[in-house]
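> With the input below, show me the fold.
(6 chains)
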Number of protein chains: 6
Amino acid sequence: MKKIITLGEVMLRLSPPGNQRFLQTKSLEVEFGGSEANVGAALAYWGMDVAHVTAFPDHEIGWAAKAQLRKNGIRTDFVPLTPGRMGVYFLEHGAMQRSSQIIYDRADSSFSQLDPKALNWDEILDGADWLHWSGITPALSQNCADLTLEGLKKAKEKGVKVSGDLNYRSNLWQYGKAPFEIMPELMEHTHVMIAGTRDFNQCLNENVKSFSEAKKLAFSRFKNLEYIVKTDRESHSSSHNTMAGALYTPDNTFSSRKYDLTHIVDRVGTGDAFAGGLIYGLLTMEPADAIEFAMAAGAMKHSVPGDILLCSLQEVHDLANGESVGKIKR
Amino acid sequence: MKKIITLGEVMLRLSPPGNQRFLQTKSLEVEFGGSEANVGAALAYWGMDVAHVTAFPDHEIGWAAKAQLRKNGIRTDFVPLTPGRMGVYFLEHGAMQRSSQIIYDRADSSFSQLDPKALNWDEILDGADWLHWSGITPALSQNCADLTLEGLKKAKEKGVKVSGDLNYRSNLWQYGKAPFEIMPELMEHTHVMIAGTRDFNQCLNENVKSFSEAKKLAFSRFKNLEYIVKTDRESHSSSHNTMAGALYTPDNTFSSRKYDLTHIVDRVGTGDAFAGGLIYGLLTMEPADAIEFAMAAGAMKHSVPGDILLCSLQEVHDLANGESVGKIKR
Amino acid sequence: MKKIITLGEVMLRLSPPGNQRFLQTKSLEVEFGGSEANVGAALAYWGMDVAHVTAFPDHEIGWAAKAQLRKNGIRTDFVPLTPGRMGVYFLEHGAMQRSSQIIYDRADSSFSQLDPKALNWDEILDGADWLHWSGITPALSQNCADLTLEGLKKAKEKGVKVSGDLNYRSNLWQYGKAPFEIMPELMEHTHVMIAGTRDFNQCLNENVKSFSEAKKLAFSRFKNLEYIVKTDRESHSSSHNTMAGALYTPDNTFSSRKYDLTHIVDRVGTGDAFAGGLIYGLLTMEPADAIEFAMAAGAMKHSVPGDILLCSLQEVHDLANGESVGKIKR
Amino acid sequence: MKKIITLGEVMLRLSPPGNQRFLQTKSLEVEFGGSEANVGAALAYWGMDVAHVTAFPDHEIGWAAKAQLRKNGIRTDFVPLTPGRMGVYFLEHGAMQRSSQIIYDRADSSFSQLDPKALNWDEILDGADWLHWSGITPALSQNCADLTLEGLKKAKEKGVKVSGDLNYRSNLWQYGKAPFEIMPELMEHTHVMIAGTRDFNQCLNENVKSFSEAKKLAFSRFKNLEYIVKTDRESHSSSHNTMAGALYTPDNTFSSRKYDLTHIVDRVGTGDAFAGGLIYGLLTMEPADAIEFAMAAGAMKHSVPGDILLCSLQEVHDLANGESVGKIKR
Amino acid sequence: MKKIITLGEVMLRLSPPGNQRFLQTKSLEVEFGGSEANVGAALAYWGMDVAHVTAFPDHEIGWAAKAQLRKNGIRTDFVPLTPGRMGVYFLEHGAMQRSSQIIYDRADSSFSQLDPKALNWDEILDGADWLHWSGITPALSQNCADLTLEGLKKAKEKGVKVSGDLNYRSNLWQYGKAPFEIMPELMEHTHVMIAGTRDFNQCLNENVKSFSEAKKLAFSRFKNLEYIVKTDRESHSSSHNTMAGALYTPDNTFSSRKYDLTHIVDRVGTGDAFAGGLIYGLLTMEPADAIEFAMAAGAMKHSVPGDILLCSLQEVHDLANGESVGKIKR
Amino acid sequence: MKKIITLGEVMLRLSPPGNQRFLQTKSLEVEFGGSEANVGAALAYWGMDVAHVTAFPDHEIGWAAKAQLRKNGIRTDFVPLTPGRMGVYFLEHGAMQRSSQIIYDRADSSFSQLDPKALNWDEILDGADWLHWSGITPALSQNCADLTLEGLKKAKEKGVKVSGDLNYRSNLWQYGKAPFEIMPELMEHTHVMIAGTRDFNQCLNENVKSFSEAKKLAFSRFKNLEYIVKTDRESHSSSHNTMAGALYTPDNTFSSRKYDLTHIVDRVGTGDAFAGGLIYGLLTMEPADAIEFAMAAGAMKHSVPGDILLCSLQEVHDLANGESVGKIKR
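Predicted coordinates for the structure are as follows:
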């Protein structure tokens, strides 16, 4: 059992049941999710010792968010209840040729306003094996950018392995900074980057044309970087995607099998499940197995409602090994 | 913004949730729908000024039906509350190889008993750009046939463009008239007909063998006819259809792309969404774009529960243009 | 109308709604099902006179189980209320690459403890045309093995045709006997066996390598055996299977068409629907039609929630004949 | 176990969940109910051999209605599937000072159109101990009035005891006859009448001022009449009533205790539960116990959702005896 | 039919079903409500011509809010789609001794940021008979205070009658102004004030001890003031209140009967239903009848889920007159 | 923050929604509950450091039970996954005069089969302030009796305060021992007993007639006993109880106010909420306040669905102090 720290905002997710649109629904299903906590939940479910770092408002909905982290097996020692709103996102599930829609309502959340001084990274990272962050956090506010950097610096100091999902989102970064003013320093301290060409271009203010070029650039610029990881997804419709993953070292490429993902149940959190699988894989397997495990975790998530991959180690291993897929297990 | 009048019965639709059969359900989901009002709702959602002409019984369920029209953005100035029942249809959603089933319970509805004198077509059509009717209305009762004819005559007088979805249904026409005794006169006043070979044969008491023959016959017989429009659908199963549309002038054919419609959510109202898209297209686009827009609207409807296409102009345009299908829009 | 007797345990089935996992559900949907009663329900729905033989505990849930049999059109004259638990099975529906899971909680059920003397087979089989049993029953307890044998002996005495679904399940047979100590004598009295190679090997303590070998063995060993029936299923995923059936006499093979089963609604009970269709077919059709009817029934069940095939004769015939699949029936 | 025949229409009942109004509901809960079948269901649940006489349309919803009767333990040997609609009633549950609302949509039901010749009363009443009818049936149509009369005549011939719930409803009797043209002859053959002053006045075209006068009149006019039974209810609100029952012979009055009925769950069918309890009581107890049992059954029904009293003999006896009310039974 | 304008924020209301707490719910029921629009909806339902003035964000949830106003019969001509959030309030229904809880999340809503210049009060009030506002609006932002004042000035200019529900709420007024800096000028233009002692004290920066003193003060200070209206509520528990209303002129007091409100379904919006009833009453009745009608409306609302009184004129009149309370209306 | 250990079985609780009976439900709501863990959950919610000692089967439902404990804020360090079933109880909520019903299905649960050697009480009680047990545990099996005794002995050794809810249940004690053979030794080590006259009689094989006699007996026999606590409940109906609590020392009696509990939402777990309140009270208050706090907690629980009191310290204090009961808290 490894000790893993994840950092990031957790939002209240509200979605119309089934295939209903916002315009017709009379109820909204409640989940709690956030990219990095979703990663942590997958890892906790597989037996890792995971603590998530975030903040919630001090009212019943904030308490419910915290309780849900606990239910998912995540330690909440570093989750203060602070001023601010509960971040919300409204999710309408797409179907067929109709796209899924997300309406974010996360401005002024408790986490985005969290004072970096409120976190004692020395204590948080005590005994930790791994720290996971994503590009969403520094995109939320200067406070969030600052506290991420502090965490990464302390991780370096303590020799904690760091993974970062660059995850550039154009509708964030509203607080006056561009990604390339913030991200490069964070990337300096990151050993595993999940990123595609566009992420590298936006974060580094570059304009390279191909992933191989981006990869070369990143490995040459960031000396601590050990792995770049990328997924390739084709969206035939909201109900049908195909997807594969690949893990790159400066010298090698490890590719997963390609999955045909049809009858999709919930598309959200599939990248996070992949990232969780990746961390698990890199902590316990050879690279070729790690990317296969990661992609199986990502594929599996498409079948589970909510933000979180609720699949056992056995289930992910079975899929990675191509065993007994789609049978009834009695 | 154009002013559009739609005419027809609106029924209470009751269907078991999900894939349940009538025999096992403990609840029925409530929608209100009717072919022509469905057309109107799509148009209203896209910003057109739509008024629907119908009638409801004067009790809470009739009021609810009227409120639902308003919610859909339809004006209800011409919706009297009159004696008679609320028309009902029970819909069981099919799945896989199992067909959908509809049990109609619409006899003696307020609309079917509506006195043609109760409608002031001069006022209804005042300033209107378009009138849409379907072959379901004259099939309900002599009253309904009469009021349709009065509307169409007044439309001619006022120079209002008219579309008609011939929509022959063998289980209607119970009041002693055959379609060919009623429909030809209505078709005389119609500029755009949505119809296939069987519709023409039944309405005109003909027996032509091919659509091209039917089309020729129609254009030669009806001098006001500008467009014939038709959809071709293949039902591989209740969950999987393919479909394309075509628009015919006497001299030209404009065909849409063909859609692969799998993971179908709700098959009902897809023809009405197509008709709504068609009217929108013909009012604002060239024919080739109009049929593409119409078919995109029809395709999109398969993904939305209920009778009504609740998709924005942007969404339909995106699909017609093949853009960002099946992605998550944030 | 033929008189058919079915024998076996009926359990309370509890499953999370939709695609939810046990870990996240707040409610469980209630069905009642058991392999042999599922067969009986299909037959009753098609107009046969069916009585099921089982036992329930004498409390409200046992009464509910009995009421559900009645609702399904099954006579419950031979369903005593006796000491013991209500057998339960928890079913989590799979989706995509994620398998369905069943957690059985059936130990010490009223049926498994039923005293063979409590059943008067002479009365039960009075006027009966057919008796159906499965390999699940003798796997539950010595009592159940004994009462099955008594029923089969009495059937032989009265000239009642017998079908048996061998259905070997490794997680049963916990009471100290191996299948080969019990099953051969039961198979002696069985005219129609639904079984694959593994079933024959387990029940007869053999180790044949192919179905054709198993079939040969069975026909040579069991002199009363008239038909062996088998389904072949490929599980591409929990949402997509392909399946075909075949009926074997010592000299002939009758094969059904192969069905592409995608968008699966409920995988449970499909073998029972097939068995029900088979019995109906063998009672009323030629073998080639019977296997086609059986396979259409089995295919249809994949689209119906719950354990029971709730499809009319007309629907199954239409599918067997390839008519109007996936249309809206009005 | 006595054999009891009940006669009357069974409708599909559709009601918004909880306290919702028709105007706001997105779903309707499904029950099947009808005054006389409700009586039969209570009796069947208590172990009586009950057959209900009615008719349903031959489609899935008619089949579902019939299946529900079976589930309730009622024999359906005399339930033909005949032309006509499924009768429907829409029920909105009241709460507090807001009244419950029923919108009837029962015109042209299969039962109301049932040909009296379709029923073989000789067979139906063979071996019967009791026949129960209500004033709703003869109010539906001439056919229904006729078939009720035939049943009652045959009951007299065979010495079957008859109870009738006069149940005058002003919104029925639409087919051209007044109650007093039909009811008196039916009352001639009735031994137990459930009725209040208004019922007697309407059915007999009288205008007596008090119940005691009405009672005197009835006993003097109807020589077969043994008991008159009446309930007295005060409606403080939809959620709170008080209620008591009384049983009258020409010479005696037997009164039940008075129940304080607050937190009402479902008001519908409470009179039918009372009637069921009355029949059970008169068949098995002394009059004083019978009215107490009847009233306990009626009181209990206020706590059960749906039309049917789903309470065991033990539960009703316990309440009648004032035992362990409102405890948790483990 | 009178023409009535209402002004104020409409929020998305999200509440756990039934009696669930935020901490345990898996879904939230969706309603849209706001004090003044609730007033408008009641009036529209009774046949008044109502237009509501507010603003929503331009996304699907904003559109849904606007559609809901239309469904409620309210004209939305003056509802621009503008930048900002959708205001949200989370409501947990209390029960028994447990209080209801509201978590407001309304900061930065589109309405609170609405530019006063975006509203053309001359057009809005054209032909209007009545304008209704509440003290919530000027408490939201300076913009909202300004646009309220502009509306009231224009109303004065046009001779439109004005009612205001002072409704002081301590958790609002966050934008740097105290109520007494804003409210007095608004009150100047108001003819009917709904207010209690605390409201007057807060709005006028006074500290009077009794309502009669407050009333005297208000009538002496505000020369346009015609009526002060007040409700008195005792909360025995969340499920049981008693309540009465009174209408004061400088010289007279008109008191309603006192209602015993037990089995409360939804406490929210009861004051708004009262206000709606009051406006209806003052427009169409004598004061003594008006306050009785208002209180009946307010009482009735306790039985209806959601923010809106969905009760017909007939229902409110019946209750005001004490007729047929708690019966089943067929 | 005190450290508290609770010990006992946690079951899967399945109940029909709302007021439905087992016979009519199509779904069962899922909760997890057990008397002692319910006590622990209340204490954890109020900020205590609570660990619960139990065992679950090693499958998804066992994992879900464990996750629910975590969600409730309870540490699960001492919850092994062991062979055996998941204990189940089926709960039907009563209403009005109809009683609630519980069908237990807990035989052979993992907890009941737990090997006492599997628990390291020295570690469990390390640093603990309080241990809570109930009479249910020793009633389940010899193993359970043994492990309870071991825990109590170790508590004595370590000076941990012990409370026990004697809770005699006649339908337990099936393993061959009578309560009086087991309970006295456990009571020896218990400082706070929640018990009534019947509990004392059954556990001590006595037959005293009054509580004061029982109290005297207990205090004289058990030298470690500091407090006896008792609740008095009157069940007017399932929807309406009255209840008060009292705390006894050898010399004093402290009585709580008496609560009128009407509109009951969920009766289950109210005694556990009381016990939780009692422990909280005894740890932090004077006896007179403790019993008032305990009774407020118990009263509050009647309003919360599920087994667990999900009410904040503030809410319980407010009720104990009689503040703002039944208001809307904004």
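
> Please name the nearest non-neighbouring residue to A:Gly164.
The spatially closest residue to A:Gly164, leaving aside those adjacent along the chain, is A:Thr190, at 4.2 Å (CB to CB, 6 or more residues apart in numbering or on different chains). C-beta: built from backbone N, CA, C; applies to glycine.

> repeat for A:Asp49
Leaving out its chain neighbours, the residue that sits closest to A:Asp49 by CB to CB, 6+ apart is A:Lys3, at 4.6 Å.

> just to revisit the earlier point, I figured the residue nearest to A:Gly164 was touching A:Leu225, is that so?
Yes. Between A:Thr190 and A:Leu225 there is a contact under CB atoms under 8 Å: 6.9 Å.

> How about the secondary structure of A:Thr242?
Three-state call for A:Thr242 (DSSP: H, G, I helix; E, B strand; the rest coil): strand.

> Would you mind measuring from it to chain F?
Separation of A:Thr242 from chain F (CB to the nearest CB, to the nearest Å): 29 Å.

> so who does that residue touch?
A:Arg233, A:Glu234, A:His236, A:Lys258, A:Tyr259, A:Asp260, A:Leu261 (CB atoms under 8 Å, 6 or more residues apart in numbering or on different chains).

> From B:Asp318, how far off is it?
Noted for A:Thr242: a distance of 21 Å to B:Asp318, by CB to CB, to the nearest Å.

> likewise A:Ile291?
Distance from A:Ile291 to B:Asp318, counting by CB to CB: 34 Å.

> same thing with A:Gly269?
A:Gly269 is 25 Å from B:Asp318, by CB to CB.

> Backbone dihedrals for the closest residue to chain E within the stretch 201-330 of chain A, please?
Using CB to the nearest CB, the single residue of the stretch 201-330 of chain A nearest to chain E is A:Gly306, 10.1 Å away. Here is the backbone geometry of A:Gly306 (degrees, to the nearest 10): phi 100, psi -180.

> For it, give me the pLDDT.
For A:Gly306, the pLDDT comes out at 97.

> That one: neighbouring residues, count only.
If you count neighbours by other CB atoms under 10 Å in any protein chain shown, A:Gly306 ends up with 23.

> Just give the closest residue to it, not the sequence neighbours.
A:Glu31 (4.5 Å).

> is the one you found in a bridge, and if so with what?
Using DSSP bridges, the beta-bridge partners of A:Glu31 come out as A:Arg13.

> Looking at A:Gly269 and B:Asp318, which is more packed in?
Just comparing A:Gly269 and B:Asp318: by other CB under 10 Å the higher neighbour count belongs to A:Gly269, 28 against 21.

> wait, what's in contact with that one?
Under the criterion of CB under 8 Å, 6+ apart, the neighbours of A:Gly269 are A:Gly33, A:Ser35, A:Asn38, A:Lys301, A:Gly306, A:Asp307, A:Ile308, A:Leu309.

> tell me which residues of stretch A:89-108 are tucked away?
For stretch A:89-108, the neighbour count (16 or more other CB atoms under 10 Å in any protein chain shown) marks A:89-103, A:105-108 as buried.

> Out of those, which are close to chain E?
Contacts with chain E within those, counted by CB under 8 Å from any CB of the partner chain: A:Phe90, A:Glu92, A:Gln101, A:Ile103, A:Asp105, A:Ala107, A:Asp108.

> before we move on, back to that, just the closest of the contacts of A:Gly269 to chain C, please.
When those are ranked by distance to chain C (CB to the nearest CB), A:Gly306 comes first, at 6.4 Å.

> The closest one against A:Asp266, yeah?
Yes. Judged on CB under 8 Å, A:Gly306 makes contact with A:Asp266 at a distance of 6.5 Å.

> Close to chain C: what parts of chain A are there?
With CB under 8 Å from any CB as the criterion, chain A comes near chain C at residues A:18, A:259, A:261-266, A:299-300, A:302-306, A:310-311, A:315, A:319, A:324-330.

> can you rerun that using 6 Å?
With CB under 6 Å from any CB of the partner chain as the criterion, chain A meets chain C at residues A:263, A:265, A:299-300, A:302-303, A:305, A:310, A:319, A:325-330.

> Longest helix in chain A, please.
Among the elements of chain A assigned as helix by DSSP state H, the one spanning the most residues is helix A:142-158.

> Restrict that helix to CA atoms and write it as CSV.
Output of helix A:142-158 as CSV, limited to C-alpha atoms (Å, rounded to 0.1, in the frame of the first residue of the first chain):
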residue,chain,number,x,y,z
GLN,A,142,-3.8,33.0,-8.0
ASN,A,143,-4.3,31.4,-4.7
CYS,A,144,-4.7,28.0,-6.3
ALA,A,145,-1.6,28.5,-8.5
ASP,A,146,0.4,29.4,-5.5
LEU,A,147,-0.6,26.5,-3.3
THR,A,148,0.0,24.1,-6.1
LEU,A,149,3.5,25.4,-6.5
GLU,A,150,4.2,25.2,-2.8
GLY,A,151,3.0,21.6,-2.8
LEU,A,152,5.3,20.7,-5.8
LYS,A,153,8.3,22.4,-4.2
LYS,A,154,7.8,20.5,-1.0
ALA,A,155,7.3,17.3,-2.9
LYS,A,156,10.7,17.9,-4.6
GLU,A,157,12.2,18.5,-1.3
LYS,A,158,10.9,15.3,0.1
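
> And the average pLDDT for it is what?
98.

> May I see the buried residues of that helix?
For helix A:142-158, by 16+ other CB under 10 Å, it's A:Asn143, A:Cys144, A:Ala145, A:Asp146, A:Leu147, A:Thr148, A:Leu149, A:Gly151, A:Leu152, A:Lys154, A:Ala155, A:Lys156.

> Show me what that helix is packed up against.
Helices and strands touching helix A:142-158, as assessed by 3 or more CB pairs under 6 Å, 6 or more residues apart in numbering or on different chains; DSSP states H and E, comprise helix A:121-124.

> and the helix it packs on, which residues are buried?
Within helix A:121-124, the residues that qualify as buried are A:Trp121, A:Ile124, counting by 16+ other CB under 10 Å.
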